[in-house]
Each structure stands twice: as C-alpha cells, then as structure tokens.
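Participant: Let's see this in three dimensions:
(one chain, ligands or ions: 4)
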Amino acid sequence: MLIDSHGRKVSYLRLSITDRCNLRCLYCRPQDEWTFIPHEQILSFEEMAELVDVARQAGVEKVRLTGGEPFARKDFIPFVGRLHVKYPDLDLRITTNGTLLADRVDELREAGISCLNISLDTLQRKKFEEITKIDAYDQVRAGIDACLKGGLRVKVNVVALKGINDDELPGFVDFARDNGVDVRFIEFMPIGYQSRWSRDNYWPAEEIISKVEKLVPLEEVLVASRNSGPARMYGISGGSGRIGVISAVSNHFCESCNRFRVTSDGKLRTCLFSDREYDVRSILRDPGHTMQDMLDLFARANAEKPMGYRLLQEREHNQVCDRTMTAIGG
Ligand SMILES: Nc1nc2c(ncn2[C@@H]2O[C@H](COP(=O)(O)OP(=O)(O)OP(=O)(O)O)[C@@H](O)[C@H]2O)c(=O)[nH]1
Ligand SMILES: C[S@@+](CC[C@H](N)C(=O)[O-])C[C@H]1O[C@@H](n2cnc3c(N)ncnc32)[C@H](O)[C@@H]1O
Ligand code: SF4
Ligand code: SF4
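Facilitator: Ligands and ions are numbered 1, 2, ... in the order given. You can find the predicted model right below:
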C-alpha cells in the first residue's frame, strides 16, 4: 500500500495511452508547433498491462485510461477488454474527446466499460471548431447520444474559459437536465510550455456555481467513494442531471489526492503539476527486472509526492510545468 508523509493513499492510476490526438484544443497543447513522442518510446500494450499488474499489487483499485486521444490508438478497445478480463473487479474508466466513439459503443460495453468522461466545451458547432481547430462537433454529439442510447453513463467535461464559453451556462444546465448527465466545469490550469492560460481567460469555480444558482436551485451532493475524482457535484433540484466544478486552481484538493499518473512513454508522475518524473519504461524494458523493482520505484516516487498547489503558488499561477496536458493525460 502506498501512503505518503501527508497520509495520502494511492488508489487510482491515470494511464495515458498515447500523446497523439486528432484535436488541438487551445488550452491543452501548443497550436502551431509540436512533436509527438517517437513510436519506439511509447509503451506497448503488453508493457501497459504489466504496469497495471504492478499498480494492482501496490493497492490501485481504479485505472483511468486517457491521452492524447485514447481511441486514436489502434487496438485500444481490445486492450481495454483484456484488462477487464484479467481484473474484473478493477474500476476501469476512460476519458475521451468523443470524436471516435459513435459506432463503438457496443464494443466498449462488451469490453467492460459502463461509464465515459467525454470532453465538450461548447454546445455551438462553430465555437467548437474555434476551440479545437477541427470541425468535429457533430461527431462528439453523436458519440454522447450513442453512449446514452447504449446505456453507458456519461460525464461531460467542460474547460471553463472566460470570454469563450462563459455565456453558455443556461445551455449546459439544460443539457445536464435533459440528458440526465453530469456536466463538470474544470478550471483552466496553466499547464505545459506555451500555455495560453491568463487572468483574462481564467473562470473560477465559485463564480460558475453562483451563476448556476441564479438559474436553478442546486443541492451539493457528497461523493462517498474513496476512489472518486476531485469534482464537487451539485444536483439540479426537481430534475435529473448534475452540475459540478473541478477547482484545481482556486480551491485545491491536494490533501485528498489519491492518484499516480503514467505517461504513454512510461514516465511516472506523482503530481499533475510537477515535472519530476520516474522512469518506469527503463525498468519494464530491462530483461532482468522483477515486480519488486517496479514496486520499489513506486514507493520511492510516492515518498517524494508533493502538494501540487504549492508548486502553483510558487509560480504565481504562471505555467506550472513544461509537459503539455496532451502528453500527461490530464
Ligand atoms: N489538479 C488536478 N487536476 C486533476 C486531477 N485529476 C483530474 N484532474 C483534472 O480534472 C479534469 C477531469 O478529469 P477526468 O479525466 O475526467 O477524471 P476525474 O474527474 O478525475 O475522474 P472521475 O471523478 O473518476 O470521473 C481534467 O482536466 C484533469 O486534468 C488531480 O489530481 N489534480
Ligand atoms: C488531456 S485530455 C485527454 C483525454 C481526451 N483527449 C479528452 O479531451 O477528454 C483530459 C482532460 O483534460 C482536460 N484539460 C486539458 N487541458 C486542460 C487545462 N489546461 N486545464 C484544465 N483541463 C484541461 C480536457 O478537457 C480533458 O477533459
Ligand atoms: S488531448 Fe483532449 S484536451 Fe488535449 S487536444 Fe486532444 S482532445 Fe483536446
Ligand atoms: S495538483 Fe498534484 S497533488 Fe494536487 S491533487 Fe492534483 S495531482 Fe494531486
């Protein structure tokens, strides 16, 4: 079991399947120039499965597969299916941009997935293209509809962008209520070289919630699971669907941080905000390595796990780390 000096226990792994993505969201990655991680440095699915073995041994109960865009990697769904067969009691989740989903819902359900986190920052097609650089709004909406029709639970992630989507609260409240889904507004985090974060486009969670309260009565819902994420959720009175906020900048949740991250090139990050990385890939590719070597690395990393909000304070909210979100996995 991995418990650090602040008493935090690691029970949740975010594993990035690939740094490649078919969108170019303005808050996530550089807009003009970027390089992808060379193919040979990306962990194979066999290596990722071994990593999950180690994580299970270390006490991890929930694994979120992310990216880049996880569905952009060939044979992603069969990999999910293999993990599910091997660990039927593992809480296996996916975060996706939803563009490549619509015709894969049955396959996903058969692979053991019952809930998807799907990113959608606007309910307007033209604005979607402005934010992501790609005209794929209809694909995402079709992906969400297909999930709901196919009986998968959906949580919608909206990066809160002042001056860009702060006029769309009524639409998102209706969307949550009409579809019975969770819509979660994530504070824009200043992550990655060339981050476009600024005081002008940052829209804090408290402001979002107080504006939603003027539209509809809200009731805070306490999230009971120890493996749950950092969202604060509110039920919409008199209807289904919920609105939530992830206040990663204004009101941190580092005391209850339950997670490790591993990037697609096999670097363990104990904190989203810290570029301090531990080289899992070198161990995995050493023919003589043992499970204990991996567990020792996890333990050493965990002993050095920071309180991420302090790193943010030290940088005075300017770009907190160099790696881009698309390479870390969010
Ligand atoms: N600062 C910070 N942000 C996080 C952390 N975990 C997730 N986030 C952010 O929260 C947003 C939503 O993440 P998701 O991939 O949907 O996962 P989640 O909300 O943690 O997962 P569940 O609650 O299990 O659904 C992303 O922008 C993440 O970067 C964290 O530990 N620290
Ligand atoms: C990096 S993406 C990877 C998975 C998938 N491509 C997607 O967009 O859902 C994971 C999550 O991080 C969020 N994200 C990316 N950059 C962010 C930033 N700078 N601040 C807050 N959230 C961000 C995305 O909106 C998404 O919900
Ligand atoms: S990884 Fe996700 S958030 Fe980043 S550019 Fe791709 S779709 Fe957008
Ligand atoms: S900022 Fe770092 S320590 Fe804080 S919750 Fe996020 S990952 Fe955990």
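Participant: How is the nearest residue to Lys149 once chain neighbours are set aside classified with respect to secondary structure?
Facilitator: With C-beta to C-beta, 6 or more residues apart in numbering as the criterion, Lys149 has its nearest non-adjacent residue at 7.7 Å, and that residue is Val105. C-beta here means a position set from N, CA and C on the backbone, and glycine is covered the same way. Of the three states, Val105 takes helix under DSSP: H, G, I helix; E, B strand; the rest coil.
Participant: Verify the stated contact: Val105 with Ile144.
Facilitator: No - using C-beta atoms under 8 Å, Val105 is not in contact with Ile144; the gap is 10.4 Å.
Participant: what's Arg259 sitting at in phi/psi?
Facilitator: Dihedral pair for Arg259: phi -130, psi 160, per degrees, to the nearest 10.
Participant: residues touching it, list them.
Facilitator: Neighbour list for Arg259: Val10, Ser11, Tyr12, Leu13, Arg14 [criterion: C-beta atoms under 8 Å, 6 or more residues apart in numbering].
Participant: The third one and Leu108, how far apart?
Facilitator: Taken as C-beta to C-beta, to the nearest Å, the spacing of Tyr12 relative to Leu108 amounts to 21 Å.
Participant: what do you get for the last one?
Facilitator: Per C-beta to C-beta, Arg14 is found 19 Å from Leu108.
Participant: now do Val249
Facilitator: Distance from Val249 to Leu108, by C-beta to C-beta: 32 Å.
Participant: These two - which one has more neighbours?
Facilitator: Set Val249 next to Leu108 and count neighbours by other C-beta atoms under 10 Å: Leu108 wins out with 23 against 20.
Participant: Tell me which helix or strand that one sits in.
Facilitator: Per DSSP states H and E, Leu108 falls inside helix 105-110.
Participant: Flag every residue of the protein that's near ligand 3.
Facilitator: 21, 23-25, 28-29, 67-69, 97, 119, 325-326 (C-beta under 6 Å from any ligand atom).
Participant: and which of those residues is nearest Pro88?
Facilitator: Ranked by distance to Pro88 (C-beta to C-beta), the residues of the chain next to ligand 3 are led by Gly67 at 24.3 Å.
Participant: so who does that closest one touch?
Facilitator: Counting by C-beta under 8 Å, 6+ apart, Gly67 touches Ser16, Ile17, Thr18, Asp19, Arg20, Cys21, Arg73, Thr95, Thr96, Ser264, Thr326, Gly329.
Participant: Just those: which are in helices?
Facilitator: Thr326 (DSSP state H).
Participant: Identify the residues contacting stretch 131-151?
Facilitator: 22-26, 31, 96-103, 105-106, 109, 116, 118, 120-122, 124-125, 128-129, 153-154, 156, 161, 164-165, 179-181.
Participant: What about the residues you listed, which are in strands?
Facilitator: Within the contacts of stretch 131-151, residues falling in strands by DSSP state E are Thr96, Leu116, Ile118, Arg153, Val154, Val156.
Participant: Now, of those, which are buried?
Facilitator: Among these, those classed as buried by 16 or more other C-beta atoms under 10 Å are Thr96, Leu116, Ile118, Val154, Val156.
Participant: residues touching the residue lying closest to the third one once chain neighbours are set aside, list them.
Facilitator: Spelled out, that is Ile118. Counting by C-beta to C-beta, 6+ apart, Ile118 lies nearest to Gly98, which is 4.1 Å off, once chain neighbours are set aside. By C-beta under 8 Å, 6+ apart, the contact set of Gly98 is Leu116, Ile118, Ser119, Leu120, Gln139, Val140, Gly143, Ile144.
Participant: again, only this time at 10 Å
Facilitator: 23, 69, 71, 116-120, 136, 139-144, 146-147, 154, 156-157 (C-beta atoms under 10 Å, 6 or more residues apart in numbering).
Participant: hmm, back to that, common neighbours of Val105 and Ile144, please.
Facilitator: Leu116, Leu152.
Participant: Val212 contacts Met233, doesn't it?
Facilitator: No - between Val212 and Met233 there is no contact under C-beta atoms under 10 Å: 11.9 Å.
Participant: Mutual contacts of the two, please.
Facilitator: Shared contacts of Val212 and Met233 (C-beta under 10 Å, 6+ apart): Val183, Leu218, Ile243, Val245.
Participant: Please render these as JSON lines that adds distance to ligand 2 to the earlier fields.
Facilitator: Shown next, in JSON lines, are these (distance: C-beta to the nearest ligand atom, whole Å):
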{"residue": "Val183", "distance to ligand 2": "12"}
{"residue": "Leu218", "distance to ligand 2": "22"}
{"residue": "Ile243", "distance to ligand 2": "16"}
{"residue": "Val245", "distance to ligand 2": "12"}
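Participant: Can you tell me which of those residues is nearest ligand 4?
Facilitator: Comparing the shared contacts of Val212 and Met233 against ligand 4 with C-beta to the nearest ligand atom places Val245 closest, at 14.4 Å.
Participant: quick one: the closest one and Gly229 touch, right?
Facilitator: No - using C-beta under 10 Å as the test, Val245 is too far from Gly229 to be in contact (11.9 Å).
Participant: So which of those two has more stuff around it?
Facilitator: Val245 (25 against 20).
Participant: Regarding the more buried one, what are the backbone dihedral angles?
Facilitator: phi -130, psi 150.
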